[in-house]
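1. one predicted model, sequence on top.
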Amino acid sequence: MINDPVSGQPLFNVYGFGTNAVPFPTADAPAAVLPCIAFNYLGQLTTDGQNPASRDEYIPLARGSVFPAMDPSSKALQFNPPSVTETPPGNSTSSAFNLVDIDPLTGRATLRFQKVQ
């Protein structure tokens with residue numbers, strides 16, 4: 001949830017990606033799924049493949065860095081989780097937010113961000 005920094009009232013409720021998932025096998029979990037968004041044949045945001053979704057989908061964007069896991073001595077890549085760092089910390093959920101807002105009826109994406117007034 002992203003709140004207005006002045007009033008403290010909620011501006012956007014950010015949820016996970018509904019029920020859409022693409023099978024994504026990994027070495028230790030062959031039945032794993034990758035969360036995703038889906039659109040029907042009319043370009044509408046959907047959760048079941050046909051009917052439009054009932055609410056907007058928000059995708060938070062963050063500034064930061066992602067570094068792959070590497071062996072410090074040989075510099076070889078490892079199959080471990082990467083190192084993820086937000087710069088500044090918490091910028092995806094603070095008042096300096098950036099969101100991609102996907103309208104369920106039209107499927108159009110709009111960038112939402114904190115505006116100085």
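-> Nice, I can see it. Bear in mind that the values here come from a model prediction, so they are computed numbers and not experimental data.
2. may I see the buried residues of stretch 60-78?
-> Buried residues in stretch 60-78, counting neighbours by 16 or more other CB atoms under 10 Å, are found at A62. Bear in mind the C-beta positions are built from the backbone N, C-alpha and C, glycine included.
3. by mean pLDDT, flag the weakest helix or strand of this protein.
-> Using mean pLDDT, DSSP states H and E, the weakest-scoring helix or strand in the chain turns out to be strand 2-3, at a mean of 68.
4. ok, then the element right after that strand?
-> Under the assignment DSSP states H and E, the closest C-terminal helix or strand after strand 2-3 is strand 10-12.
5. which strands or helices does that following strand pack on?
-> Packed against strand 10-12, as judged by 3 or more CB pairs under 8 Å, 6 or more residues apart in numbering; DSSP states H and E, are the following elements: strand 2-3.
6. mind running it again at 10 Å?
-> Here strand 10-12 is seen to pack against strand 2-3, strand 98-102 when contacts are counted using 3 or more CB pairs under 10 Å, 6 or more residues apart in numbering; DSSP states H and E.
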